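A.B. asks: Sharing a model prediction with you, sequence too.
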Amino acid sequence: GKRAVTHWKRLTVLRYAALVECRLETGRTHQVRVHMASLGHPLLGDPVYGRSGKAHRKLLNDLGFHRQALHAAELGFTHPVTKHLLSFASSMPSDMQELFTALGV
């Protein structure tokens, strides 16, 4: 495999979960999902790299949350032609905010 580097920190402790910030040095496919699962902390709702426990599975079903609990709040890169630094920000989607509220944020 190719080199992949993810820096992470726990922001908030939740009920049997945590809100985590990840900063990537590299941009590999599924990088955050793979790295968090390898640490023993898979993303909620990730059907490939981690299975949700019974309590979380029920909560995800009750909320109709049928995806990974992963959101890119900020993205940035250098444009390949102009070499300008581009950055984009996106607020947390309402379904994910509802999930975090249910988990105790």
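C.D. replies: Looks like it arrived, so ask away. Remember, predicted model here, so these are calculated numbers, not experimental data.

A.B. asks: shaky segments in the protein?
C.D. replies: By pLDDT under 70, the low-scoring segments of the chain are 105.

A.B. asks: rerun that using 80 as the cut-off
C.D. replies: Scanning the chain for pLDDT under 80 picks out 1, 51-52, 105.

A.B. asks: Skip the chain neighbours and tell me the closest residue to the residue nearest in space to the middle of it.
C.D. replies: What sits nearest the mean C-alpha location of the chain, by Cα atoms, centre = their mean, is Leu70, with 2.9 Å. Closest residue to Leu70 apart from its sequence neighbours, by Cβ to Cβ, 6 or more residues apart in numbering: Leu43 at 5.5 Å. Every residue, glycine included, has its C-beta placed from N, CA and C.

A.B. asks: and what of Glu74?
C.D. replies: Of all residues not flanking Glu74 in the chain, Ala89 sits nearest, at 5.2 Å (Cβ to Cβ, 6+ apart).

A.B. asks: Could you check how far the one you found is from Gly40?
C.D. replies: Distance, Ala89 to Gly40, using Cβ to Cβ, to the nearest Å: 30 Å.

A.B. asks: do Thr12 as well
C.D. replies: 18 Å.

A.B. asks: Can you pick out the residue with more neighbours from these two?
C.D. replies: With neighbours defined as other Cβ atoms under 10 Å, Thr12 and Gly40 compare such that Thr12 has more, 13 against 7.

A.B. asks: isn't there a strand covering the more buried one?
C.D. replies: Yes - counting by DSSP: H, G, I helix; E, B strand; the rest coil, Thr12 is found in a strand.

A.B. asks: surely it meets Glu21?
C.D. replies: No - in this structure Thr12 lies outside contact range of Glu21 using Cβ atoms under 8 Å: 9.9 Å.
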